[in-house]
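In: Sequence and predicted model, in that order:
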Amino acid sequence: MRKIELEIVVLSHNISQSQSYAVVLGEKEGLRRLPIVIGAYEAQAIAVVLNDLMPARPLTHDLMKNLCIEFDIDLREVIINDLKDGIFYATLVCQMGENILEIDSRTSDALALAVRYGCPIYTYEFILEQAGIILEESVKEQKRGKEVSGGTELKHHTIDKLNTLLAEAIAKEDYEKAAKLRDEINKKMSQ
């Protein structure tokens, strides 16, 4: 089966369920999104890395990475490889010396490790067919000939304008756009 590479588009709180969050993965070469509901702890573990936060002590996923480093195990990729009864399944593909190891994992834990390692995240077509969605706004932007990420048009705005657009995106609960605006603001502030 051909693997399809994904990236984390947004991490958001699930309003309908108070203790759950949604991580939305997007195709790197397409418009489909794969929303996955995860717990609060796993959301925090992912958010810490996405927001470049440094906890005073290692979180569980940091500890797992530290153990892997000590035992010379490298996480090569994460594959979301199955969907049964609404539950996603994932595999950690690791390398230890010359050996390739495949380790079963909860998807939320696999994603928390993937962001720590900076390794690719993949899935298969049948999973995107079953659970993937296409955001209407992405289709409209594509039809207008704009880059879906908005990167080419955002870089021309001032930081003040970007902050205004960010506030508007958050008010409209357009978290995907908000994440892109935040990234552009961070990029401009680091220059």
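Out: Here it is on my side, so go on.
In: can you pull the buried residues of stretch 56-70?
Out: 59, 61-62, 64-65, 68 (16 or more other CB atoms under 10 Å). For glycine as for every other residue, the C-beta is placed from the backbone atoms N, C-alpha and C.
In: Save these as CSV, and put in distance to N186, secondary structure and pLDDT too.
Out: Shown next, in CSV, are these (distance: CB to CB, whole Å; DSSP: H, G, I helix; E, B strand; the rest coil; pLDDT from 0 to 100):
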residue, distance to N186, secondary structure, pLDDT
L59, 22, coil, 91
H61, 23, helix, 95
D62, 22, helix, 94
M64, 27, helix, 96
K65, 24, helix, 96
C68, 29, helix, 96
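In: Specify which member of those is nearest to Y117.
Out: Taking CB to CB as the measure, Y117 sits nearest to K65 out of the buried residues of stretch 56-70, at 6.8 Å.
In: separation between the residue nearest to the closest one when sequence neighbours are not counted and T158?
Out: Among residues not flanking K65 along the chain, R116 sits closest, at 5.0 Å (CB to CB, 6 or more residues apart in numbering). According to CB to CB, to the nearest Å, R116 stands 34 Å off from T158.
In: Then E27?
Out: E27 is 31 Å from T158, by CB to CB.
In: Neighbour count: those two, which is higher?
Out: Per other CB atoms under 10 Å, whichever of E27 and T158 has more neighbours is E27, with 18 against 9.
In: Run through the bridge partners of that one.
Out: L6 (DSSP bridges).
In: who's in contact with it?
Out: E27 makes contact with 4-6, 33, 128, according to CB atoms under 8 Å, 6 or more residues apart in numbering.
In: Would you reformat those residues as JSON lines and include distance to L101?
Out: JSON lines is the format used below for the contacts of E27 (distance: CB to CB, whole Å):
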{"residue": "I4", "distance to L101": "22"}
{"residue": "E5", "distance to L101": "21"}
{"residue": "L6", "distance to L101": "22"}
{"residue": "R33", "distance to L101": "30"}
{"residue": "L128", "distance to L101": "26"}
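In: State the pair within these that is farthest apart.
Out: Longest span within these, CB to CB: E5 and R33, 13.6 Å.
In: do you know how far the residue nearest to E29 when sequence neighbours are not counted is from A178?
Out: Excluding its sequence neighbours, the residue lying closest to E29 (CB to CB, 6+ apart) is E5, at 7.2 Å. According to CB to CB, E5 stands 23 Å off from A178.
In: same deal with L75?
Out: From L75 to A178 the distance is 29 Å (CB to CB).
In: Can you say which helix or strand has F126 in it?
Out: In the assignment (DSSP states H and E), F126 maps to helix 125-131.
In: So which other helices or strands are in contact with whatever helix or strand comes next after that helix?
Out: Reading on from helix 125-131 to the C-terminus, the next helix or strand found by DSSP H and E is strand 133-134. The contact analysis (3 or more CB pairs under 8 Å, 6 or more residues apart in numbering; DSSP states H and E) places strand 133-134 against strand 32-39.
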